[in-house]
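Participant: have a look; sequence and predicted model below, questions after that.
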Number of protein chains: 2
Amino acid sequence: MSKLTMKEIAKLANVSQATVSRVINGNKSVNEEAAKRVLKVIEEVGFIPNNAAQTLKRSHSNIIGVCVTETFNPYFVELIDTLELEARKRGYNILLHNSKHNPITEWESIQNFIARQVDGIILVPNGEYNIQRLNKLAIPTVIITKNRESLDSIGLDHMQAGKIAGENFIYAGHKKFGFIGTVPDEKYLGYKSVLFENGFELNSLINIKQTSTNNFLIQQDIEAYFNQADRLDFTCVFAANDIMALEFLKAAQKRGIRIPEDISLIGFDDTYLAKIMGISSIHQPIEEMVKTTIEILLNRIENEVSSEKINIQLAPTLIERKSSNFKR
Amino acid sequence: MSKLTMKEIAKLANVSQATVSRVINGNKSVNEEAAKRVLKVIEEVGFIPNNAAQTLKRSHSNIIGVCVTETFNPYFVELIDTLELEARKRGYNILLHNSKHNPITEWESIQNFIARQVDGIILVPNGEYNIQRLNKLAIPTVIITKNRESLDSIGLDHMQAGKIAGENFIYAGHKKFGFIGTVPDEKYLGYKSVLFENGFELNSLINIKQTSTNNFLIQQDIEAYFNQADRLDFTCVFAANDIMALEFLKAAQKRGIRIPEDISLIGFDDTYLAKIMGISSIHQPIEEMVKTTIEILLNRIENEVSSEKINIQLAPTLIERKSSNFKR
DNA sequence: ATATTTCGTGAAAACGTATTCACGCTTTCT
DNA sequence: AGAAAGCGTGAATACGTTTTCACGAAATAT
């Protein structure tokens, strides 16, 4: 029954096809009597307008293309979920792609978005690879992550996040510092800079390979570190995301290292992993980010006013849990 | 530049619009010379065909609608990820919806799928609410979960999963049994039946409310149980998913209950949560499920042969980890 | 009373593509 | 050599909407 068209409905309701369209789109100038008849027929036969035809005619699709770098980290899942919800509230659907940290896949996704006539794009990018090309396409786009010059963007201030972690450790009296993550990274830079400013240095970097995108690979990298270090030369450590923090916690526990008594730990993203495990973590205000993202994007789509790029930096906050409340 | 049409390309390449279409669709009967010219122009101006027009003309969209009940459980995330990958391999995109355990939202999603001219639907359903209506729509659909009579379906045999958990506990010498989950549930039934068959009974049911769809709510339900029970009357417990298992583990550890020395624990889904925490869990063969799902669906879409419904039950397997290897 | 505006409606055009049809040209068969 | 068949191509149509245009009827103004 999904093959019905407005023509059929029109015949059944004894009006023209144009009138059916008017009724569906809530056009005022249509006789109340006739409108009721049309609505009744639509209800009875379960008519649903062909969206492809609508998109073609209107030249917009009410679809937003979303491309993220991964879905292993629950942070992205929550982000997607919230995006979908907020978009739906405004009458848009989400076309979701996963670039898996591959810029080529990312570009393919963007091409696909264009072909599908998306009205806008929300991108969690893999570096700068496609930013310029995207800019040339002149399609409403919001980048979620760090500051970009050439496109609208929103993101947590990662540099600031690193500083907060560092300050917190310093304030708690720590003197030896560790970092877990993939460098270069703005969190890493912020963290290091605040250490230097206070006369300390970064004692250890537990390097997670760029390609370690699941917990097993991260675990391997952390195990490799433990196996190569005779003993740990830090009393506190900041992890670039909660998965890394969690894997560090497991590796430490396995070796009888107590958290936070021996080592204080702070994660990043504040996902449910951190909540479950009681890991202190730097909070990403997902809902605020998403609402603002949708706001900016729909404003571009529907109003298309200024060409001034918008770049928003949100402030990170530390959620303290039992992995780091140790003051020495 | 995304406003280009075939007409423009045609003019630039000095051919007719029909020929451009033929070149793009790899139609053989077109002069090699001309084809090259067309391809060159397409490349130069970055032309991408309007998918809405294609969909309208072809009356199929190469989109598959996917609707899941939640994304909090990492099992679903992995499912979606794999679906997207396999679908893309076959030239289809995914339109993703999340019903959040609400049958009304689920029905809205299905309506949306129809409007968007999806070629097929993959549904993780909320009970039976929309199965009949979906059946009437006569659109290729595969249900992922348990057996259905009226539609193609695939899923793990949950009854069998419950039995395996029960058998494993019995074999390890346990005499007192617990279950964590939302009843009614086929895993629960299978678990109970194997206990009865062996002369045992289910000693405790830790009831998780149907609405407890995130770890915090599950935690509350489990805490409520612990607070109301003076002491635990079981030595082993089977949880209906890994999140519940994990929350039980946390609640137990908090009270000094050792896993597996005091209580053996088996989860379900075998997500990375179980892997990280070393929880034994019943494995869902996601990749196999997804590949078969896509196979069935695309066969219906592209060949549309038999009207025989296909119902596949996959066999569960237990992955043993340190939460349950205790033999008493 | 006629002239003007308003209103509801249907016919028709347009959106960008895939595809059928017909036509002219070359090739192959008798 | 003429007839038949094949090939490459452009013109035209259709897909299901939205929207413009025009028209007649009703309502209001003169």
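Facilitator: Thanks, I have the structure now.
Participant: thought A:Asn51 was touching B:Gln117?
Facilitator: Yes: under the criterion of C-beta atoms under 8 Å, A:Asn51 is in contact with B:Gln117, at a separation of 6.2 Å. No exception for glycine: its C-beta is placed from N, CA and C like everyone else's.
Participant: list phi and psi for A:Gly65.
Facilitator: In this entry, A:Gly65 is assigned phi and psi values of phi -80, psi 130 (degrees, to the nearest 10).
Participant: wait, I meant A:Met244
Facilitator: Dihedral angles for A:Met244 - degrees, to the nearest 10 - are phi -60, psi -40.
Participant: ok, the one 3 residues further on next?
Facilitator: For A:Glu247, the backbone dihedrals (degrees, to the nearest 10) come out as phi -70, psi -30.
Participant: quick one: pLDDT of it?
Facilitator: pLDDT, the model's per-residue confidence, is 94 for A:Glu247.
Participant: equivalent analysis for A:Asn325, please.
Facilitator: Among the per-residue scores, A:Asn325 shows a pLDDT of 73.
Participant: part of a helix, is it?
Facilitator: No: read with DSSP: H, G, I helix; E, B strand; the rest coil, A:Asn325 is coil and lies in no helix.
Participant: any idea whether A:Gly178 is helix, strand or coil?
Facilitator: Using three-state DSSP as the criterion, the local structure at A:Gly178 reads strand.
Participant: and A:Ser212, helix, strand or coil?
Facilitator: For A:Ser212, the reduced secondary structure class is coil; criterion used: three-state DSSP.
Participant: so what's it up against?
Facilitator: Contact criterion C-beta atoms under 8 Å, 6 or more residues apart in numbering or on different chains gives A:182, A:218, A:220-221 as the residues in contact with A:Ser212.
Participant: at 7 Å instead, please
Facilitator: If a contact means C-beta atoms under 7 Å, 6 or more residues apart in numbering or on different chains, then A:Ser212 has A:218, A:221 as its contacts.
Participant: from A:Ile263, how far out is it?
Facilitator: 21 Å (C-beta to C-beta, to the nearest Å).
Participant: which stretches of chain A form helices?
Facilitator: For chain A, the helices defined by DSSP state H cover A:6-13, A:17-24, A:32-45, A:51-58, A:74-89, A:103-115, A:131-137, A:158-171, A:186-197, A:215-228, A:242-254, A:272-277, A:286-302.
Participant: so can I have CSV of those showing distance to chain B and mean neighbour count?
Facilitator: As requested, the helices of chain A are arranged in CSV below (distance: least, C-beta to the nearest C-beta, whole Å; neighbours: other C-beta atoms under 10 Å in any protein chain shown):
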stretch, distance to chain B, mean neighbour count
helix A:6-13, 13, 18
helix A:17-24, 11, 19
helix A:32-45, 12, 15
helix A:51-58, 4, 19
helix A:74-89, 5, 20
helix A:103-115, 4, 19
helix A:131-137, 6, 15
helix A:158-171, 23, 22
helix A:186-197, 23, 20
helix A:215-228, 5, 16
helix A:242-254, 7, 22
helix A:272-277, 5, 22
helix A:286-302, 13, 18
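Participant: Throw the ones you listed into CSV and include distance to DNA strand C, thanks.
Facilitator: Supplementary listing: those in CSV, determined by distance: least, C-beta to the nearest atom of the strand, whole Å:
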stretch, distance to DNA strand C
helix A:6-13, 7
helix A:17-24, 4
helix A:32-45, 4
helix A:51-58, 4
helix A:74-89, 24
helix A:103-115, 9
helix A:131-137, 15
helix A:158-171, 41
helix A:186-197, 41
helix A:215-228, 41
helix A:242-254, 43
helix A:272-277, 44
helix A:286-302, 17
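Participant: any chance of the ones you listed in JSON lines, with distance to B:Gly256 too?
Facilitator: Putting the helices of chain A into JSON lines (distance: least, C-beta to C-beta, whole Å) gives the following:
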{"stretch": "helix A:6-13", "distance to B:Gly256": "68"}
{"stretch": "helix A:17-24", "distance to B:Gly256": "64"}
{"stretch": "helix A:32-45", "distance to B:Gly256": "61"}
{"stretch": "helix A:51-58", "distance to B:Gly256": "58"}
{"stretch": "helix A:74-89", "distance to B:Gly256": "29"}
{"stretch": "helix A:103-115", "distance to B:Gly256": "48"}
{"stretch": "helix A:131-137", "distance to B:Gly256": "53"}
{"stretch": "helix A:158-171", "distance to B:Gly256": "30"}
{"stretch": "helix A:186-197", "distance to B:Gly256": "36"}
{"stretch": "helix A:215-228", "distance to B:Gly256": "27"}
{"stretch": "helix A:242-254", "distance to B:Gly256": "16"}
{"stretch": "helix A:272-277", "distance to B:Gly256": "18"}
{"stretch": "helix A:286-302", "distance to B:Gly256": "35"}
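Participant: nearest to B:Thr293, out of these?
Facilitator: If you check each of the helices of chain A against B:Thr293 by C-beta to C-beta, helix A:74-89 wins as the nearest, at 20.8 Å.
Participant: quick one: list the elements packing against that closest one.
Facilitator: The criterion is 3 or more C-beta pairs under 7 Å, 6 or more residues apart in numbering or on different chains; DSSP states H and E, and the helices and strands that helix A:74-89 contacts are strand A:63-68, strand A:93-98, helix A:286-302.
Participant: out of the ones you listed, the one nearest B:Lys163 is which?
Facilitator: Among those, the nearest to B:Lys163 by C-beta to C-beta is strand A:93-98 (35.9 Å).
Participant: so the closest one versus strand A:63-68, what angle?
Facilitator: In this structure, strand A:93-98 runs at an angle of 20 degrees to strand A:63-68, with axes from the mean of the first three to the mean of the last three C-alpha atoms, to 10 degrees as the basis.
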